[in-house]
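# Fold the following, please.
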Amino acid sequence: MSTSVRFRNVNPPEGMEDHIHERIAKLEKLGTPFNRCDVVVEAAAKSHAKGNAFHVRIHATVPKGDLVVDRDADGDHGNENMHTAVNGAFDALKRQARNRNASHHRTQSKIVALTPIALVS
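Numbers count the residues shown, from 1 in each chain. Model (predicted):
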C-alpha cells in the first residue's frame, strides 16, 4: 500500500507521523484493505477566538472506491490539539469503512439468498 503524510503550515509534534501510520495499520487489521492512503494535516486559518486549530483530510483508496474524510476545526475547540484532530479524522474514516463493509456484506447476502442451490426430483 502506498501512503503519503503531509503537514502544511505547521510543525508536527514528534511521533505524529508514526502515529498516523499506526492508525492506518490498525484500520487494515480490521479488514479494510487500502490501495492508497493520503493524509494532510494543516493549520486552519488563525483566529483569536479559536487559537491554533487544525484541518485534517484523509483520502483512502479501497478496492470498491474511495473513502474521504475532511475534518475542519469547529466551534467547540475539539481540533485545537493536533493529536485529537487526527484521531477524530481516523475515527470517522473507520466508521466509513465499517459502513461500506456492512453494505457490501448485505448485498452479497441478498445475492446468495436468491441463487438456487439445486433442483431435487
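# So in the protein, where's the weakest helix or strand by average pLDDT?
helix 82-114 (a mean of 73; mean pLDDT, DSSP states H and E).
# So which residues of the protein form helices?
Assigned by DSSP state H, the helices in the chain fall at 16-29, 82-114.
# May I see the ones you listed organised as CSV, with distance to residue 42 and mean neighbour count added?
For every residue, glycine as well, the C-beta is placed using N, CA and C. Compiled in CSV, these are given as follows (distance: least, Cβ to Cβ, whole Å; neighbours: other Cβ atoms under 10 Å):
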stretch, distance to residue 42, mean neighbour count
helix 16-29, 13, 15
helix 82-114, 10, 14
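# Those helices: which one's closest to residue 68?
helix 82-114 (8.2 Å; Cβ to Cβ).
# where does the chain dip in pLDDT?
45-52, 73-80, 101-121 (pLDDT under 70).
# try 50 this time
75, 78, 105-113 (pLDDT under 50).
# which of the residues in stretch 30-50 are buried?
32, 34, 37, 39, 41, 43-44, 50 (16 or more other Cβ atoms under 10 Å).
# do the same with stretch 2-12
Buried residues in stretch 2-12 (16+ other Cβ under 10 Å): 5, 7, 12.
# List just the nearest of the residues you listed to residue 72.
Nearest to residue 72 among the buried residues of stretch 2-12, with distances taken as Cβ to Cβ, is residue 7, at 16.4 Å.
# Give me the nearest residue to that closest one, chain neighbours excluded.
Of all residues not flanking residue 7 in the chain, residue 41 sits nearest, at 5.2 Å (Cβ to Cβ, 6 or more residues apart in numbering).
# go on, residue 17?
residue 5 (5.2 Å).
# just to revisit the earlier point, nearest to residue 57, of the buried residues of stretch 30-50?
residue 39 (7.3 Å).
# The closest one and residue 56, how far apart?
Per Cβ to Cβ, to the nearest Å, residue 39 is found 7 Å from residue 56.
# about what we covered before: hmm, the residue nearest to residue 17 is touching residue 39, no?
Yes. Residue 5 sits in contact with residue 39 when judged by Cβ atoms under 8 Å, with a separation of 4.9 Å.
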